[in-house]
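Chemist: below is the sequence, then the predicted model.
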Amino acid sequence: MENPGYITLARQSGLMREIQIVANNIANSSTAGFRREELIFAEHVARAGTAPSLSVADGRVRHVDLSQAGLSATGAMFDLAISGPGFFLVETPEGNRLTRAGAFTPSADGELVTPDGYRLLDEAGGAVAVPPGAAVTIAEDGTASVAGRPIARIGLWEPEDPTALSHRSGTMFDGGALQPAEGGSIRQGFLEDSNVSPLSEVARLVEVQRAYEMGQKFLEAEDDRIRGLIQTLGR
């Protein structure tokens, strides 16, 4: 295969990754706390001996869109939404993870957990426990109180290095080294929506699919050209 074929294959590989990312965004357009992703393409230029340099596009880096989504009122005592920057910190078997999905419920031990059973952590990194059957009020700074008496304070966290944020699964992220988030507030009785715009993502999916199809047509034409050349030289 000649250089145009290799260049196009690299581009096709990146476009296929982008199709998968956009399709995942669309599938999670109704998932509370979901953060859309996009693929970043980089251009690599290499000298090719005495021939002109080659420019190859490579798409491997995922970017997480942290823009604020809308808040939907649920009225549930332990449904929590974040307004502004920051993430909840939850404990998973793979380590602590960041999330904006705030649908929590008390476990049998009274600890607030996610639907998957992962414990919500407070500002000191400990589990958030609530008295059984008590009416819990959660202030915007994360302070949980019963009858006016503070019992815990839910922490909001963010990566020390914003570029270290990486998607793990569902609405969970790994942020590396963490620090307390500044400027965020917690809203009790609300859940944050997905920040995916289905219409925009569908339009992007169509655009990327068309670009991929054009690349496939080029590869097929290039294959026919090389076959024809080999047949001509072989006569």
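Modeler: Noted; the coordinates are in hand.
Chemist: confirm residue 24 sits in a helix?
Modeler: Yes. Under DSSP: H, G, I helix; E, B strand; the rest coil, residue 24 sits within a helix.
Chemist: grab the nearest non-local neighbour of it.
Modeler: Distance criterion CB to CB, 6 or more residues apart in numbering; nearest residue to residue 24, sequence neighbours excluded, is residue 37 at 7.3 Å. (C-beta placed from N, C-alpha, C; glycine too.)
Chemist: counting by contacts, list what the top helix by length along the chain packs against.
Modeler: If you go by DSSP state H, the chain has its longest helix at helix 198-233. Here helix 198-233 touches helix 3-27, going by 3 or more CB pairs under 8 Å, 6 or more residues apart in numbering; DSSP states H and E.
Chemist: tilt between the helix it packs on and helix 198-233?
Modeler: If you take axes from the mean of the first three to the mean of the last three CA atoms, to 10 degrees, helix 3-27 sits at 160 degrees to helix 198-233.
Chemist: what about helix 3-27, average pLDDT?
Modeler: Average pLDDT, helix 3-27: 81.
Chemist: now do stretch 122-134
Modeler: The pLDDT scores in stretch 122-134 average 93.
Chemist: buried ones in it?
Modeler: 122-123, 127-130 (16 or more other CB atoms under 10 Å).
Chemist: so which two of those residues are the farthest from each other?
Modeler: 123 and 130 (15.7 Å; CB to CB).
Chemist: can you count the residues close to the residue nearest to residue 95 when sequence neighbours are not counted?
Modeler: Of all residues not flanking residue 95 in the chain, residue 174 sits nearest, at 7.4 Å (CB to CB, 6+ apart). When neighbours are defined as other CB atoms under 10 Å, residue 174 has 16 of them.
Chemist: returning to that earlier point: so what's the residue nearest to residue 24 up against?
Modeler: 21, 24-25, 62-65, 167 (CB atoms under 8 Å, 6 or more residues apart in numbering).
Chemist: mind doing that once more with 7 Å?
Modeler: 21, 25, 62-65, 167 (CB atoms under 7 Å, 6 or more residues apart in numbering).
Chemist: ramachandran angles for it?
Modeler: Dihedral angles of residue 37 (phi, psi; degrees, to the nearest 10) stand at phi -120, psi 160.
Chemist: and it, how far is that from residue 62?
Modeler: 5 Å (CB to CB, to the nearest Å).
Chemist: low-confidence stretches in the chain?
Modeler: Low-confidence regions of the chain, defined by pLDDT under 70, span residues 1-7, 41-60, 223-224, 226, 229, 234-235.
Chemist: how about a cut-off of 80?
Modeler: 1-12, 14, 40-62, 215-235 (pLDDT under 80).
Chemist: find the nearest non-adjacent residue to residue 66, please.
Modeler: That would be residue 35: by CB to CB, 6+ apart, it lies 6.4 Å from residue 66.
Chemist: which residues touch that neighbour?
Modeler: 64-66, 100, 195.
Chemist: identify the farthest-apart pair in these.
Modeler: 65 and 100 (11.6 Å).
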